[in-house]
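In: Mind folding the following:
(2 chains)
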Amino acid sequence: MRSKLPPYTTPTERIWHYLFRFICGLIFLFLIFPILVIVPLSFNSVPFFTFTQEMLTFDPAGYSLRWYEDFFTNLNWRGAVNNSFIIAIFSTLIATGLGTLAALGLSRRNVPYRTTLMAILISPMIVPLIISACGMFFFYSRVNLQGTHLGVILAHAALGTPFVVITVTATLVGFDRSLIRAANGLGADGVTTFFKIVVPLILPGVISGALFAFITSFDEVVVILFVGSFEQRTIPWQMFSGIREHISPTILAVATLLVLVSIALLSTIEMLRRRTERLRGVRS
Amino acid sequence: MANATATSSEPITTADGTPLKISLARALRRDKIKSLALVAPLFFFIGLTFLFPIGDMLWRGIEDPIVSSYLPRTAEQLDKWDAVSGELPDESTYEALVADIKVGAKDKLITRVGKRLNYELPGMNSLFRKSQRNIPRIEEGPYKEAVIKVDKRWGNVETWQLIKTFSPTLTTGYFWAALDLQVTPAGEVQFQDEKKRIYLQLFWRTLYLSGLITLMTLILGYPVAYLLATLPLRSSNVLLMLVLLPFWTSLLVRTTSWIALLQREGVINDILVGIGLIDTENRLSMIHNATGTVIAMTHILLPFMILPLYSVMKTIPNSYMRAAVSLGAHPFHAFFKVYAPNTVPGIGAGGILVFILAIGYYITPALVGGTSGTFISNFIAYHVSVSLNWGLAAALGIILLGLVLVLYILYDRIVGIDNMKLG
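Out: Numbering: from 1, shown residues only, chains lettered A, B, ... in the order given. You can find the predicted model right below:
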């Protein structure tokens, strides 16, 4: 991390250099501290949102696993975990399937109205969530989808598709079409070419798009508040009502677990990105 | 290739004899249809589950069928009445009103009219409730006297003016209300009473706080992006993780931790009390107000500023700065004259992105905003789920969406939708 300063730097430049690094360090602290601070707080033995005297002196009595225990035994939370996974998995499947097909279509040559189509397909990402949520609330109530798992899954799938479209389209930009012609020339039919040639090459894009769609559904709060009900409560739904009503450190325990989930997802995405870059010959 | 020697007057044909031009056009068309067929499933899915519901909701902002559907005869009669004459409508209007209320009272639908008009003039709800009970008892004319006897407000010109104003099925009324304006019976548009004006201030606050948040993310994001872009790739990739981790962490997790940090009995106040900077009675109130919203949202949106800035700065060669300095420019001068202008596209992209995201935010202002830090979104949610004034919610939604779309077009001009990158 320490890049050596050239010998000709003046003292002022030196001071400025380290001052700049120091300022950046503070900003990184601002970025990361709020996320890390909840980890020790979640092991609190008393229902406070701050460090107690015992915690600061590292007295074992100040720490406990009671909030984790509460999370794993409480039926409300267990239901929320189940719902979160069911809804996220199904909406991801829908979003990934439809999004990948559309991206394949959009990346072909001679697509008419390409810009307009693209704008429409990624609109769920642009429209403010509250407007999407209210619109879906009214319409889904009318067709009896409000307060059903299917309704929430469809809503979340719609919100997740733009990410799949964008990531898969990005992978297809570097796609060499002569590979398809080569496969055809060697006698492979369309289906074989698709599964043997196209799929392995766009797979990193599809997977990272799917992960984006998954996390979109998994973290989504606004639409679920309107389209879902207690029966469809997800982890964010439960957290939101927890913060609104009676705030217990169980929320901090859940938050800590969610940070672990995001670290896992982030590492996966990062790995995929590097793989794509390596395959394309971008120096990393 | 029998046609190889064809003269220009003879069209070139393919093996089966069709002219090449037609054959090519056909292949091209088939290709286009194939592309569209791949896009079609998602297109219809988005249309049905997303675009149609939104359009349907926004339609409520200009549609106002309540008065005309529950009081159809009255609305028809009032059409002929001169609202600014200062005189009450004639006997036939009252007769129509009695007939309408008799029909609607059977299913207790007349109170809906009262509910709608109550948004405009408080007290209408009780008037229609009372009328629903008593007017159906009126057996015969003269209706005018009988109706006024039920409630003397039926003898006020204002009541009738109000009904007439809201008789048309399409209305701009919700929009005026969303902009703190109202339409007088004479058709003039004027400001609401000072006390009733809330929305203009709310829009202003949403824009102002979003602007402030954008500025804060720029001030904090610029140095970080610069550091990331100038460090060797190996170390910048490690530091980039520190930017991406918040980006991938649940919004609620980050909001929760800001509540833990900022509240009166929270970590920051405890530290400040602990080191003796403030005493326990004077703990800072940094949450449930605009300060809380700005701090939490700056943190949440900061990665959206850093990433576009970083991707632009990465493309600026280091040699530019070195060249400027070696030509005698002071490093600061070189930075502002040479480096900074090159980063303007990144500032534009990051700034617009953060601003678009900020003006539509709902969750964080709802949880940490208190009353002074709430945004327009919070009022839309309030009108949808609490006050049930859906028309006004839709009108506020249309204005918000309009703002976002204008900014989005700007974003498209600067960055291009296709260049949008994730992570």
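
In: CA only for contacts and neighbour counts going forward, please
Out: Will do.

In: residues from the stretch 201-350 of chain B in reach of chain A?
Out: Within reach of chain A by Cα under 8 Å from any Cα of the partner chain, the stretch 201-350 of chain B has these residues: B:220, B:223-224, B:227, B:231-233, B:235, B:242-246, B:248-254, B:256-258, B:260-261, B:265-267, B:270, B:299, B:302.

In: I'd like to know which of those are buried.
Out: Among these, those buried by neighbour count (16 or more other Cα atoms under 10 Å in any protein chain shown) are B:220, B:223-224, B:227, B:231, B:243-246, B:248-254, B:256-258, B:260-261, B:265-267, B:270, B:299, B:302.

In: Can you pull out the low-pLDDT segments for the stretch 1-150 of chain A?
Out: For the stretch 1-150 of chain A, the stretches with pLDDT under 70 are A:1-4.

In: Same check on the stretch 51-200 of chain B?
Out: Along the stretch 51-200 of chain B, segments meeting pLDDT under 70 span B:185-187.

In: Now do the SS call for the residue of it found nearest chain A.
Out: Here the stretch 51-200 of chain B gets closest to chain A at one residue, B:Ile54, 4.4 Å apart by Cα to the nearest Cα. Here B:Ile54 is recorded as helix under DSSP: H, G, I helix; E, B strand; the rest coil.

In: That one: neighbour count?
Out: B:Ile54: 25 surrounding residues under other Cα atoms under 10 Å in any protein chain shown.

In: Please put the alpha-carbon coordinates of the helix or strand where B:Leu239 lies into CSV.
Out: Per DSSP states H and E, B:Leu239 falls inside helix B:233-248. Extracted in CSV, the C-alpha atoms of helix B:233-248 (Å, rounded to 0.1, in the frame of the first residue of the first chain):
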residue,chain,number,x,y,z
LEU,B,233,-4.0,-1.8,-8.8
ARG,B,234,-3.2,-4.4,-6.2
SER,B,235,-3.7,-2.1,-3.2
SER,B,236,-6.6,-0.2,-4.8
ASN,B,237,-8.4,-3.5,-5.2
VAL,B,238,-8.1,-4.1,-1.5
LEU,B,239,-9.4,-0.7,-0.7
LEU,B,240,-12.2,-1.0,-3.2
MET,B,241,-13.5,-3.8,-1.0
LEU,B,242,-14.1,-1.2,1.7
VAL,B,243,-16.2,0.7,-0.6
LEU,B,244,-18.1,-2.3,-2.0
LEU,B,245,-18.9,-3.8,1.4
PRO,B,246,-21.2,-1.0,2.4
PHE,B,247,-22.7,-1.1,-1.1
TRP,B,248,-23.6,-4.7,-0.7
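
In: distance between that helix and the chain's centre?
Out: Distance of helix B:233-248 from its chain centroid, counting by Cα atoms, centre = their mean, to the nearest Å, is 32 Å.

In: pLDDT (mean, whole number) over that helix?
Out: The average pLDDT within helix B:233-248 is 87.

In: Now tell me what touches it from outside.
Out: Here helix B:233-248 makes contact (Cα atoms under 8 Å, 6 or more residues apart in numbering or on different chains) with A:1, A:28, A:31-32, A:35, A:262-263, A:265-266, A:284, B:227-229, B:254, B:300, B:303-304, B:306, B:423.

In: These, buried ones only, as a ChimeraX selection?
Out: To isolate the buried members of the contacts of helix B:233-248 in ChimeraX, using 16+ other Cα under 10 Å:
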select /A:28,31,32,35,262,263,265,266 /B:227,228,229,254,300,303,304,306
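
In: Which of the contacts of helix B:233-248 fall in strands?
Out: Judged by DSSP state E, the contacts of helix B:233-248 include no members of strands.

In: Now, the contacts of helix B:233-248 that are in helices?
Out: A:28, A:31-32, A:35, A:262-263, A:265-266, B:227-229, B:254, B:300, B:303-304, B:306 (DSSP state H).

In: Relative to B:Ile316, which of those residues is nearest.
Out: Of all those, B:Ile316 sits closest to B:Ala229, with 8.7 Å by Cα to Cα.

In: Please tell me I have it right and that closest one contacts B:Leu309.
Out: No: in this structure, B:Ala229 is not within contact of B:Leu309 by Cα atoms under 8 Å, at 9.2 Å.

In: Am I right that B:Gln190 falls within a strand?
Out: Yes: counting by three-state DSSP, B:Gln190 falls inside a strand.

In: Wait, it touches B:Leu181, no?
Out: Yes: using Cα under 8 Å, B:Gln190 is in contact with B:Leu181, at 5.4 Å.

In: the more surrounded of the two?
Out: Between B:Gln190 and B:Leu181, counting by other Cα under 10 Å, B:Leu181 is the more crowded of the two (20 against 12).
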